[in-house]
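S.K.: with the input below, show me the fold.
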Amino acid sequence: MQRLDGGASIPSHLADGIVALGNFDGFHLGHQAVVARAIAWAKAEGRPALVATFDPHPVRHFRPDTPAFRLTTLDQRERLFADAGADAMVVFHFDGDLAALTAEQFVADRLERNLRIGGVVTGEDFTFGHAKSGTVHTLAARGPVHGFRAETVGAVALDGETVSSTRIREALRAGDMATATRLLTRPFAIEGVVQHGDELGRTIGYPTANLDMGNYLRPAYGIYAVTGRLEDGRVLKGAANLGIRPSFDPPKELLEPHFFDFAEDLYGRRIEVSLIDYLRPEAKFDGLDPLIAQMDADCARARAILAR
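M.R.: Numbering: from 1, shown residues only. This is a model prediction of the structure:
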């Protein structure tokens, strides 16, 4: 799986490909339908299959003070696109220069000249170009002029509602992991490098692997049943606190998974923690004894959930 810069010319062996074009943050059921259509088209005609995404998210460019909302990092999206069968991921760096391009300039400069595409697939609500002046109708009309065809994929519905990143974010903020998992087709996962902490967990028998939340959306603060995927592919089971640790001073926002029956040093290692189920909100305890008793109960419940 190659990662390519959307501002540069594509390698010749990937030219004339079919490109799924969108942001694809989260890569939920609706996104998967767009990418699946592009890959099927590419395979049917013996062409390369590419997925093009934008980073940072356009919202971050236009409204930089917006609270963190990302569902996936570029690394996570790259793995998801590869698993779906794409040959390469194209990243359009979203900055002032890209935002200023007209729809026609984006088609001519980025799709025709740089990517040299043979076809493009988008969702039916996709927009592009300065002031969102380009739509799927623009692609359909201008594509033949620039040597490609355009197709769109309609919205995907689940439980009677359209699948969307907004709907997933609402579910995560509410602690509704079941809905988020159904819409994503996998648990919401946070990836990061384990950092050194104050090691209080280790002193009470619950060592944790501390992760900064970065640009990820903040799900409901509280305790979760989780799994952790190590870089070597091993999957661990555990329970995690996500929030500000109200029983400790000073408050510090972290994701702190404790993995069951695991004693290896994880400092400096990259892990991906999947939030499987929401157990309870954060709480402040009057001393370590009631805190440890609650952690014992939380871990027992998480073990039972993860055993199912």
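
S.K.: can you read off the backbone torsions of the residue lying closest to Y278 once chain neighbours are set aside?
M.R.: Sequence neighbours aside, G175 is the residue nearest to Y278 in space, at 3.8 Å (criterion: CB to CB, 6 or more residues apart in numbering). Every C-beta, even on glycine, is put in place using the N, C-alpha and C of the backbone. Main-chain torsions, G175, degrees, to the nearest 10: phi 80, psi 20.

S.K.: and the strands in the stretch 151-300 of the chain, which stretches?
M.R.: Taking DSSP state E, counting those that start in this stretch as the criterion, the stretch 151-300 of the chain contains strands spanning 157-158, 161-162, 189-193, 222-230, 235-243, 254-259, 270-280.

S.K.: which of those sits closest to A304?
M.R.: strand 222-230 (8.7 Å; CB to CB).

S.K.: wait, the residue nearest to Y278 sits on P219?
M.R.: Yes. Contact status for G175 versus P219: in contact at 6.8 Å, counting by CB atoms under 8 Å.

S.K.: so the two - more neighbours on which side?
M.R.: Neighbour comparison, G175 and P219: the larger count goes to P219, with 24 against 20 (by other CB atoms under 10 Å).

S.K.: what residue spans form the domains of this protein?
M.R.: 2-158, 187-307 (automatic domain parsing).

S.K.: thinking again about what came up before, could the strands of the stretch 151-300 of the chain go into CSV alongside mean neighbour count?
M.R.: Below are these laid out as CSV (neighbours: other CB atoms under 10 Å):
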stretch, mean neighbour count
strand 157-158, 13
strand 161-162, 12
strand 189-193, 19
strand 222-230, 22
strand 235-243, 23
strand 254-259, 24
strand 270-280, 20
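
S.K.: out of the ones you listed, the one nearest L98 is which?
M.R.: When those are compared (using CB to CB), the closest one is strand 189-193, at 25.7 Å.

S.K.: with only the CA atoms kept, save that closest one in CSV.
M.R.: Listed next in CSV are the C-alpha coordinates belonging to strand 189-193 (Å, rounded to 0.1, in the frame of the first residue of the first chain):
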residue,chain,number,x,y,z
ALA,A,189,-10.1,2.8,18.2
ILE,A,190,-7.5,5.3,19.5
GLU,A,191,-3.9,4.8,18.4
GLY,A,192,-0.9,6.4,20.0
VAL,A,193,2.5,6.0,21.6
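
S.K.: now for it, which elements pack on it?
M.R.: The contact analysis (3 or more CB pairs under 8 Å, 6 or more residues apart in numbering; DSSP states H and E) places strand 189-193 against helix 74-84, strand 270-280.

S.K.: repeat that for 6 Å
M.R.: Applying 3 or more CB pairs under 6 Å, 6 or more residues apart in numbering; DSSP states H and E, one finds that strand 189-193 makes contact with strand 270-280.

S.K.: can you state the direction angle for the strand it packs on and strand 189-193?
M.R.: 130 degrees (axes from the mean of the first three to the mean of the last three CA atoms, to 10 degrees).

S.K.: contacts for stretch 58-74, please.
M.R.: Stretch 58-74 is touched from outside by D25, G26, D55, F94, N215, Y216, L217, with contacts defined as CB atoms under 6 Å, 6 or more residues apart in numbering.

S.K.: I appreciate the help and will end here.
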